[in-house]
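[1] sequence unknown, structure follows:
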């Protein structure tokens, strides 16, 4: 896992504030960040948007996007990350939407997680296939990957 203390120090050094928009991780990224004393200097807020309705209401995800591609998609991760920026005072936002399991489908298997990383300059997305590791392990892997994305984003924000 990323050294969260170092991540927060990098954000402080760059004068960056973080927002999170989480679905399948249910707030695990925000919890990892706020476990560190003094994190309020860099962590601005977190959105746990587990349902599609919450994604629409809290982050401005378009219902048409959800209808067209589903919640577990890079398109929704993109809109979630941008929504977290728009609804906060943050400079960098990470989003996570995926299928932690058990379950999934032929088209969206267990362990597929889509991520977004947005700054005021750009937003990029990616999908990671963690595989059917089990719910807890997929969620931990997704949390760790999101923290890695934030750390990498501190140099480009």
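    Great, that's in hand. This is a predicted model, so every value here is computed, not measured. Numbering: from 1, shown residues only.
[2] Name the residues of stretch 41-55 that are buried.
    For stretch 41-55, burial by neighbour count (16 or more other Cβ atoms under 10 Å) applies to 42-49, 52, 55. For every residue, glycine as well, the C-beta is placed using N, CA and C.
[3] can you check stretch 76-90 too?
    Neighbour-count burial for stretch 76-90 [16+ other Cβ under 10 Å]: 76-85, 87-88, 90.
[4] how about the helices in this structure?
    Taking DSSP state H as the test, the helices found in the chain are 4-13, 28-34, 52-59, 63-69, 74-86, 135-153.
[5] how about the ones you listed in CSV, adding mean pLDDT and distance to residue 129?
    Converted to CSV, the helices of the chain look like this (pLDDT from 0 to 100; distance: least, Cβ to Cβ, whole Å):
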stretch, mean pLDDT, distance to residue 129
helix 4-13, 95, 24
helix 28-34, 98, 19
helix 52-59, 98, 22
helix 63-69, 98, 17
helix 74-86, 98, 13
helix 135-153, 97, 10
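[6] quick one on the thing from earlier: can you list the buried residues of stretch 76-90 in JSON lines and add distance to residue 142?
    Formatted as JSON lines, the buried residues of stretch 76-90 follow (distance: Cβ to Cβ, whole Å):
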{"residue": "76", "distance to residue 142": "15"}
{"residue": "77", "distance to residue 142": "11"}
{"residue": "78", "distance to residue 142": "17"}
{"residue": "79", "distance to residue 142": "18"}
{"residue": "80", "distance to residue 142": "13"}
{"residue": "81", "distance to residue 142": "14"}
{"residue": "82", "distance to residue 142": "19"}
{"residue": "83", "distance to residue 142": "19"}
{"residue": "84", "distance to residue 142": "16"}
{"residue": "85", "distance to residue 142": "20"}
{"residue": "87", "distance to residue 142": "22"}
{"residue": "88", "distance to residue 142": "21"}
{"residue": "90", "distance to residue 142": "20"}
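[7] follow-up on the earlier one: residue 116: which of the helices of the chain is closest?
    Closest approach to residue 116 among the helices of the chain is made by helix 74-86 (3.2 Å; Cβ to Cβ).
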